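>>> Fold the following.
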Amino acid sequence: MDRSDIDIFEKLVAQLSSIHQEMSVLAKRAPNDAVNAFKIKLINAAISRSNELLGERYRPFSDFTSFSAEDLPSNSDVTFIVSQYLECAEKFRSDNIADNGMGDWYWITKENPYSLPTAPPKKLEG
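Now for the predicted structure:
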């Protein structure tokens, strides 16, 4: 990975987290209501970029690429899929970070493996 990959990844995770948070609120109020076409377009854009970055190895479902604009998904459908993307993004991140031996975590980069600090993997956070 290089710095631009990490920047893209961090932006995508922020977008997916925001989408998940907003859609979770809607799913609690009206789980079966359809998501409007405007939101689906933006959600699909984030998912498409995630698919490119995560690749086949980390994508949550090999047969899912985006939501249908014709058959709009429900709020709960979007919440479910986005949560899967967030979990797989964390697996991707966990596989691309390392502890420097003193408890500090860094991205493993081509340039300098201990130059970009990050949080520990979620499975280690208490």
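>>> mind checking how far the residue located most distally from the centre of the chain is from R93?
Within the chain, the residue lying farthest from the chain centre (C-alpha atoms, centre = their mean) is M102, at 28.0 Å. Look at M102 and R93: by C-beta to C-beta, to the nearest Å, they are 20 Å apart. Any C-beta I mention is one placed from the backbone N, CA and C, and that applies to glycine too.
>>> for the residue farthest from the centre of the chain, helix, strand, or coil?
coil (DSSP: H, G, I helix; E, B strand; the rest coil).
>>> can you count the residues close to A30?
Using other C-beta atoms under 10 Å, A30 has 11 neighbouring residues.
>>> can you check Y58 too?
18.
>>> The spatially most central residue of the chain sits in which helix or strand?
Most central in the chain under C-alpha atoms, centre = their mean is L86, positioned 3.8 Å from the mean C-alpha point. Using DSSP states H and E, L86 falls within helix 75-94.
>>> Using CSV, write out every CA atom in that helix.
Provided in CSV are the C-alpha atoms of helix 75-94 (Å, rounded to 0.1, in the frame of the first residue of the first chain):
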residue,chain,number,x,y,z
ASN,A,75,-33.4,0.7,4.7
SER,A,76,-32.5,-2.5,6.5
ASP,A,77,-31.0,-4.0,3.3
VAL,A,78,-28.7,-1.1,3.0
THR,A,79,-27.8,-1.2,6.7
PHE,A,80,-27.0,-4.9,6.5
ILE,A,81,-24.8,-4.6,3.4
VAL,A,82,-22.9,-1.5,4.5
SER,A,83,-22.2,-3.1,7.9
GLN,A,84,-20.6,-6.1,6.0
TYR,A,85,-18.4,-3.6,4.0
LEU,A,86,-17.3,-2.0,7.3
GLU,A,87,-16.3,-5.3,8.8
CYS,A,88,-14.4,-6.3,5.7
ALA,A,89,-12.7,-2.9,5.5
GLU,A,90,-11.5,-3.5,9.1
LYS,A,91,-10.1,-6.9,8.1
PHE,A,92,-8.3,-5.2,5.2
ARG,A,93,-6.9,-2.6,7.6
SER,A,94,-5.9,-5.1,10.2
